[in-house]
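Engineer: Fold the following.
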Amino acid sequence: QVLLVESGGGLVQAGDSLRLSCAASVRIFSNYIMAWFRQAPGKEREFVSAISWNGDYKDSVEGRFTISRDNAKNTAYLEIDTVKPEDTAVYFCAATGGAWAGRQDATKYTSWGQGTQVTVSS
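Structural biologist: Got it, this is the predicted structure:
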């Protein structure tokens, strides 16, 4: 089990940029696929992005979202450029030691953070 703590959310204006962080308490961070999911009000949790040695993105966010990781700091990041009102959601960090093929499937992740709220005003 990996303890994950997200930070960096808040109230932002449309067009701003935002960086979310996910700090992991684990011995060998580089062994884990790290991902971001989000859940908007009244909607199901959805995959946003994942990273192992390379990144993967939900089609609708590719080009605006950038996922990265710093294995020396046990931290994953999600940068959002030009935020839009439809980005409003609780963003969750997740970790799995499983296969890359399952990266977009929330059920494959064994550890989750508590979530950080991102609210975008228009």
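
Engineer: for this structure, what are the low-confidence residue spans?
Structural biologist: Under the criterion pLDDT under 70, no range of the chain is flagged.

Engineer: center of it, which residue is that?
Structural biologist: In the chain, the C-alpha nearest the mean C-alpha coordinate belongs to W36, at 2.2 Å (CA atoms, centre = their mean).

Engineer: check contacts around that residue.
Structural biologist: Residues counted as contacts of W36 (CB atoms under 8 Å, 6 or more residues apart in numbering) are L20, C22, V48, S49, A50, I67, A76, L78, Y91, F92, C93, A94. Glycine gets a C-beta too; all of them are placed from N, C-alpha and C.

Engineer: Same list (those residues) but as CSV, adding distance to R103, secondary structure and neighbour count.
Structural biologist: Shown next, in CSV, are the contacts of W36 (distance: CB to CB, whole Å; DSSP: H, G, I helix; E, B strand; the rest coil; neighbours: other CB atoms under 10 Å):
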residue, distance to R103, secondary structure, neighbour count
L20, 18, strand, 25
C22, 15, strand, 25
V48, 11, strand, 24
S49, 9, strand, 23
A50, 4, strand, 25
I67, 11, strand, 21
A76, 13, strand, 29
L78, 14, strand, 27
Y91, 16, strand, 23
F92, 14, strand, 23
C93, 14, strand, 29
A94, 10, strand, 25
